[in-house]
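S.K.: Okay, structure incoming, though there's no sequence with it:
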């Protein structure tokens with residue numbers, strides 16, 4: 001029987017997010033096997049947003065994490081995670097929430113990123129006025145053009161930050177998510193080229209502050225490349241559940257599908273169309289079709305989707321019945337997880353538990 005089929009699926013209402021715990025454990029094992037030491041790992045938790053999943057990583061010795069929201073940071077602090085990097089520039093109320101996190105969870109060491117003089121100055125004044133100093137990483141733009149300062153201009157920024165009493169520059173952060181070449185050799189060439197800018201800057205910073213800056217770099221696409229470098233921390237996120245998009249772009253990576261969406265056929269309107277209950281609200285819809293790949297119906301062609309419905313063209317609907325269960329791998333698992341308040345946990349082919357997607361909310365207590 002196929003690995004994904006759930007024996008007690010009749011107890012599961014659909015649509016649903018299901019997580020296969022044994023396969024999550026295998027992805028964590030694979031991640032650790034690709035580095036010399038867990039000291040090189042700082043996984044991004046934006047994909048899973050689930051405390052129990054983060055606890056599984058901590059149980060295997062991973063102690064540094066990266067996150068994108070205050071809620072994700074608080075989820076990690078509630079687990080007493082030792083080291084949490086907020087990879088998002090905190091401005092306005094978010095900076096004040098970060099201060100409250102630091103004050104509320106003293107067992108966790110927090111840091112954040114910055115790429116702007118004004119926001120860094122405001123952050124520094126906020127922390128200095130409360131007799132605190134927060135570690136910051138300079139966010140670098142190595143070609144993705146989403147956030148960050150160009151490496152060539154970063155040293156001047158760091159020189160200015162030396163006079164800010166409420167922040168301490170401890171390192172560099174760069175996300176190279178634009179590097180997604182399917183050919184590993186080409187991906188490595190582009191990755192190495194972008195990293196050279198970071199490495200050169202790190203040498204200049206060392207001469208300035210007399211200390212080797214930390215480097216947090218990359219995501220899942222470039223993780224196998226950065227994993228071989230000395231002196232960097234790697235921050236993949238999607239590896240934990242894997243998805244159809246990355247499986248097709250990067251078949252060289254060893255990770256396995258560990259989270260699926262379960263849906264049912266709810267209507268058969270004509271001879272070649274079935275309708276499922278997997279609408280926009282149940283699977284990430286930011287990409288064009290196909291947004292999901294059905295493991296037990298791989299030839300299905302998506303032809304329409306609304307809030308609660310996904311219509312599929314199939315060769316012969318006489319082979320199907322209303323109520324049939326389909327198991328789908330989302331094209332993009334990260335936003336799909338965020339659509340669910342709970343995930344059903346599968347062990348030994350049965351649903352055995354339910355975990356809250358606690359950090360899907362914008363705030364937990366802070």
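M.R.: Alright, I've got the coordinates. Note that this is a predicted model, so its numbers are computed, not measured.

S.K.: which secondary structure elements does the longest strand seen in the chain contact?
M.R.: Counting by DSSP state E, the longest strand found in the chain is strand 259-270. Here strand 259-270 touches strand 16-20, strand 273-276, strand 325-330, helix 333-337, going by 3 or more Cβ pairs under 8 Å, 6 or more residues apart in numbering; DSSP states H and E. (C-beta placed from N, C-alpha, C; glycine too.)

S.K.: For the longest one, give me every contacting residue.
M.R.: Among residues not part of strand 325-330, those counted as contacts by Cβ atoms under 8 Å, 6 or more residues apart in numbering are 4-5, 9, 14, 243-244, 247, 257, 259-265, 276, 278, 283-284, 291-297, 300, 336.

S.K.: And for the last one?
M.R.: Residues outside helix 333-337 that contact it (Cβ under 8 Å, 6+ apart): 17, 46-50, 237-238, 241-243, 259, 261, 282-284, 286, 330, 343, 357, 360.

S.K.: Just the buried subset of these, please.
M.R.: Neighbour-count burial (16 or more other Cβ atoms under 10 Å) is assigned, among the contacts of helix 333-337, to 17, 46-50, 237-238, 241-243, 259, 261, 282-284, 330, 343, 357, 360.

S.K.: Next step: the residues you listed restricted to helices.
M.R.: Within these, no residue falls in helices by DSSP state H.

S.K.: out of the residues you listed, which are inside strands?
M.R.: When DSSP E is applied, the buried ones among the contacts of helix 333-337 are split such that 17, 259, 261, 330, 343 fall in strands.

S.K.: wait, which of those residues is closest to residue 145?
M.R.: Within those, proximity to residue 145 (Cβ to Cβ) peaks at residue 330, which comes in at 26.1 Å.

S.K.: Now that closest one: closest residue in space that isn't a chain neighbour?
M.R.: Closest residue to residue 330 apart from its sequence neighbours, by Cβ to Cβ, 6 or more residues apart in numbering: residue 336 at 4.2 Å.

S.K.: Could you measure from that neighbour over to residue 170?
M.R.: According to Cβ to Cβ, to the nearest Å, residue 336 and residue 170 sit 34 Å apart.

S.K.: same deal with residue 360?
M.R.: Distance of residue 360 to residue 170, given as Cβ to Cβ: 30 Å.

S.K.: what does residue 176 give?
M.R.: 20 Å.

S.K.: higher neighbour count, those two?
M.R.: Relative neighbour count places residue 176 above the other of residue 176 and residue 170, with 24 against 16, counting by other Cβ atoms under 10 Å.

S.K.: who touches the more buried one in this structure?
M.R.: 142-144, 191, 194-195, 217-219, 221-222.

S.K.: can you rerun that using 6 Å?
M.R.: When contacts are counted by Cβ atoms under 6 Å, 6 or more residues apart in numbering, residue 176 touches 142, 194, 218, 222.

S.K.: phi, psi of it?
M.R.: Dihedral pair for residue 176: phi -100, psi 50, per degrees, to the nearest 10.

S.K.: about what we covered before: can you lay out the contacts of residue 176 as a markdown table showing secondary structure and distance to residue 202?
M.R.: As requested, those are exported to a markdown table (DSSP: H, G, I helix; E, B strand; the rest coil; distance: Cβ to Cβ, whole Å):
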| residue | secondary structure | distance to residue 202 |
| --- | --- | --- |
| 142 | coil | 13 |
| 194 | helix | 13 |
| 218 | coil | 15 |
| 222 | coil | 17 |
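
S.K.: which among those gets closest to residue 180?
M.R.: Of all those, residue 180 sits closest to residue 222, with 8.8 Å by Cβ to Cβ.

S.K.: Kindly tell me how buried the closest one is, as a neighbour count.
M.R.: By the measure other Cβ under 10 Å, the count of residues near residue 222 is 27.

S.K.: was I right about it contacting residue 191?
M.R.: Yes. Assessed by Cβ atoms under 6 Å, residue 222 is found in contact with residue 191 at 4.7 Å.

S.K.: joint contacts of these two?
M.R.: Taking Cβ under 6 Å, 6+ apart as the contact rule, residue 222 and residue 191 both touch residue 179.
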